[in-house]
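Q: Pasting a predicted model and its sequence here:
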Amino acid sequence: MAAAGIGTARDAAMEPARSSRFRARVGEGRGPAPRRARPKIAFLVRALEYGGAERQLVVLAKAMHERGNDVRVLTFYAGAPLEAELRQAGVPLRALGKTGRWDMFGFLRRLHGVLREERVDILHGYLDIPNAVAAVMRVLHPGLTVVWGVRASYMDLTQFDWLGRVTSPIVRALSRYAHLVIANSRAGLEYAVAHGYRRATATVIPNGIDAERFVPDRAAGLRVRAEWGVAPHECLIGLIGRLDPMKDHATFLAAASRLGGRPDVRFVCVGGGEARYAGEMAELARRLGLVDRLTWAGPRADMCAVYNALDIMCSSSSGEGFPNVIGEAMACGVPCVVTDVGDSAWILDQPALVAPPRDPMALAERMQRLADDRAYAARVGADGRQRILREFSVARLAASTEHALSQLVAGRAR
C-alpha cells in the first residue's frame, strides 16, 4: 500500500467534520496559503548534535519521509553527527552556513532564499532560537505556515549566559506569530502557556521512542560493562544525560553515597557537557567517597548497549519536558527511578519509583528497592517496554504530527 502523506483524499473527506473542532483548538492563520496534496515541510534546527530534541527531530523526519511526506531538514551549522542518519534514510538535508553567533543578516538572507527556492509550505522550528527565526520568516513569506516545537517544561535562566537571558523573553513575545505550537509534554504545554504562549494554538504530541533500535540486548550490555570494569554480578546504576545543572548530578551523587554500604553496587554517568560543571561534579564525587565505584563515561554513540549495561537507570533532573532517556531505557527493558519533574512520572507509570526532585534520600530509597529485589526490577523492566510499545511508538508520533499539520494547512486554506 502506498504511503499516505499529509493532505490525502481521506483527510479531505474528513475536513468538514473537523473544521469547527480545529478552529477551536489551533485557530485560523492570517491569510490563506496555496494548498497542495502534500505540502513541503522544512524542519529548522541549530545543528544535529547528540541531544534529546535533535534525536527526536531525526526520528520524526525519517518516519514522515517513510510515510510519503515531502520533508527536509535545514540546519544553521553543518557537520554534526546525527546528519549521517538522515542522509542514510534519504531525507534531504541542507546547511545554511551560519558562521557564528553574530552572523544574522547573511544567515536570514540565505534561509529566505532556500524557503523561496524550495517553495516550503510549513516551517517547523525545533527549540527556541530556530522557533524565533521561523517566526521572522513568516514576515518575509506571508503564505508560510509556521510551527514551533517546544521541548522544555522548566528553565532556570540563572544557568544561562547573558544572551540566553536576553533572548528568552523575545522568544516568548514572538510565540504569537506561530500558527501552531507543538509541545512534547503536558508539563511543557502548561509551562509555555504560563509564560505567554496562546493555549488556543498549542497542542501536545509526546515523543516517539524507536523500539526497534532500543531493544533488550544483554550481550551488548555485558560488553560495555566489561569495558567499564563492572562484574556481571554487580548492580550498576546509571545517570544518562549531559553534564548540566538541570540534570542535577549532585542529587544523583548524594543518593549514590547513601548506598555506600553495599560493595556490590556501582555507578556510572554517561554524557558530555560544560567543563566547569564536570569539574565541580568530579570534586563532589571525590568528597562523597565515590571515586572507586563511579565511572565518568563521557558521551557515547552506542546508546542501546549503554542502556543494556545498566541494572537501574536513574533520572535525577530538577527540570524536564519529555526525557527521552527514560523512554529509551524502558524500551530496553531497564527499570527506572525518576524525579517528579515534567512528564517523567507519567512516562514511567510506576508511582513507587518516583521521587521528589532534589531529595537524595528519597532517590536512594527507590534505587535501593530495585537493587534489593531483582525479580521486582525485572517485572518493572518488562512492563516498561510494553508501555513504550503501546503509548510512545514512532508510528504514533508521526501519525499525530501528520494529523496536526494537515488540520493546520486545511484551516489556513479555508
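A: Sure thing, it's come through. Numbering: from 1, shown residues only.
Q: those helices in the stretch 251-400 of the chain, which residues are they?
A: For the stretch 251-400 of the chain, applying DSSP state H, counting those that start in this stretch gives helices covering 275-287, 303-309, 324-331, 344-348, 360-372, 374-391, 394-413.
Q: what helices or strands is the second one leaning on?
A: Read that as helix 303-309. Applying 3 or more C-beta pairs under 8 Å, 6 or more residues apart in numbering; DSSP states H and E, we find helix 303-309 packed against helix 218-228, strand 235-240, helix 324-331. For every residue, glycine as well, the C-beta is placed using N, CA and C.
Q: what are the pairing partners of the second one, and which direction each?
A: This points to strand 235-240. strand 265-270 (parallel), strand 312-315 (parallel) (DSSP bridges).
Q: thinking again about what came up before, which of the helices and strands packed on helix 303-309 is buried the deepest?
A: helix 324-331 (a mean of 28; mean count of other C-beta atoms under 10 Å).
Q: residues making contact with that helix?
A: Helix 324-331 has contacts (C-beta atoms under 8 Å, 6 or more residues apart in numbering) with 52, 55-56, 207, 209-211, 214-215, 240-241, 303-304, 307, 310, 313, 315, 336, 338, 344, 347-348, 381, 384-385, 387-389, 392.
Q: what do you get for stretch 65-75?
A: For stretch 65-75, using C-beta under 8 Å, 6+ apart, the contacting residues are 2-6, 38-48, 57, 61, 64, 83, 86, 89-96, 111, 114, 118, 120, 398, 402.
Q: Mark which of these are part of strands, please.
A: Within the contacts of stretch 65-75, residues falling in strands by DSSP state E are Lys40, Ile41, Ala42, Phe43, Leu44, Val45, Leu93, Arg94, Ala95.
Q: Could you report the pLDDT at the fourth one?
A: Put plainly, it is Phe43. On the pLDDT scale, Phe43 is placed at 98.
Q: Next up, the contacts around it.
A: Leu57, Leu60, Ala61, Val71, Arg72, Val73, Leu74, His124, Gly125, Tyr126.
Q: which of those has the most neighbours?
A: Within these, most neighbours by other C-beta atoms under 10 Å means His124, with 29 neighbours.
Q: Assign a three-state SS to that residue, would you?
A: With DSSP: H, G, I helix; E, B strand; the rest coil as the basis, His124 sits in strand.
Q: Distance-wise, check the nearest residue to it once chain neighbours are set aside relative to Ala202.
A: Spatial nearest neighbour of His124, excluding adjacent residues (C-beta to C-beta, 6 or more residues apart in numbering): Val147 at 4.3 Å. Distance, Val147 to Ala202, by C-beta to C-beta, to the nearest Å: 11 Å.
Q: related to what we said a few turns ago, deepest of the helices of the stretch 251-400 of the chain, which one?
A: For the helices of the stretch 251-400 of the chain, where neighbours mean mean count of other C-beta under 10 Å, the stretch averaging the most is helix 324-331, with a mean of 28.
Q: tilt between that helix and strand 235-240?
A: On the basis of axes from the mean of the first three to the mean of the last three C-alpha atoms, to 10 degrees, helix 324-331 is oriented at 140 degrees to strand 235-240.
Q: now the stretch 51-200 of the chain, which segments are flagged as low pLDDT?
A: In the predicted model, the stretch 51-200 of the chain carries pLDDT under 70 at residues 153-167.
Q: how about a cut-off of 80?
A: 152-168 (pLDDT under 80).
Q: Span of stretch 316-330 from start to end?
A: End-to-end distance for stretch 316-330: 16 Å, by C-alpha to C-alpha, to the nearest Å.
Q: How about stretch 351-368?
A: Span of stretch 351-368 from end to end, C-alpha to C-alpha: 15 Å.
Q: Can you tell me what sits against it?
A: 237, 248, 251-252, 254-259, 312, 314, 316-319, 335-341, 344-345, 348, 369-370, 380.
Q: That stretch - what's its average pLDDT?
A: 98.
Q: that older thread, what is in contact with Val147 and Ala202 at once?
A: By C-beta under 8 Å, 6+ apart, the residues touching both Val147 and Ala202 are Leu180, Val181, Ile182.
Q: wait, the first one sits on Ser406?
A: Read it as Leu180. No: Leu180 is beyond contact range of Ser406, at 11.4 Å (criterion: C-beta atoms under 8 Å).
Q: can you list the domain ranges for this structure.
A: The record's domain parsing of the chain by automatic domain parsing lists 9-208+393-413, 218-391.
Q: shaky segments in the stretch 301-414 of the chain?
A: Short version for the stretch 301-414 of the chain, where the test is pLDDT under 80: 413-414.
Q: try 90 this time
A: 301, 319-321, 409-414 (pLDDT under 90).
Q: Now render the helices and strands packed on helix 303-309 as TSV, adding distance to Arg374.
A: Shown next, in TSV, are the helices and strands packed on helix 303-309 (distance: least, C-beta to C-beta, whole Å):
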stretch	distance to Arg374
helix 218-228	14
strand 235-240	8
helix 324-331	17
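Q: what's the closest of these to Val268?
A: Judged by C-beta to C-beta, the one of the helices and strands packed on helix 303-309 that comes nearest to Val268 is strand 235-240, at 4.4 Å.
Q: Show the pLDDT at Arg35.
A: Arg35 is given a pLDDT of 43.
Q: returning to what we had before: among the helices of the stretch 251-400 of the chain, which is nearest Cys269?
A: helix 275-287 (7.7 Å).
Q: Please name every helix or strand in contact with the closest one.
A: Checking 3+ C-beta pairs under 8 Å, 6+ apart, helix 275-287 ends up next to helix 249-257, strand 294-298.
Q: Great, nothing more from me.
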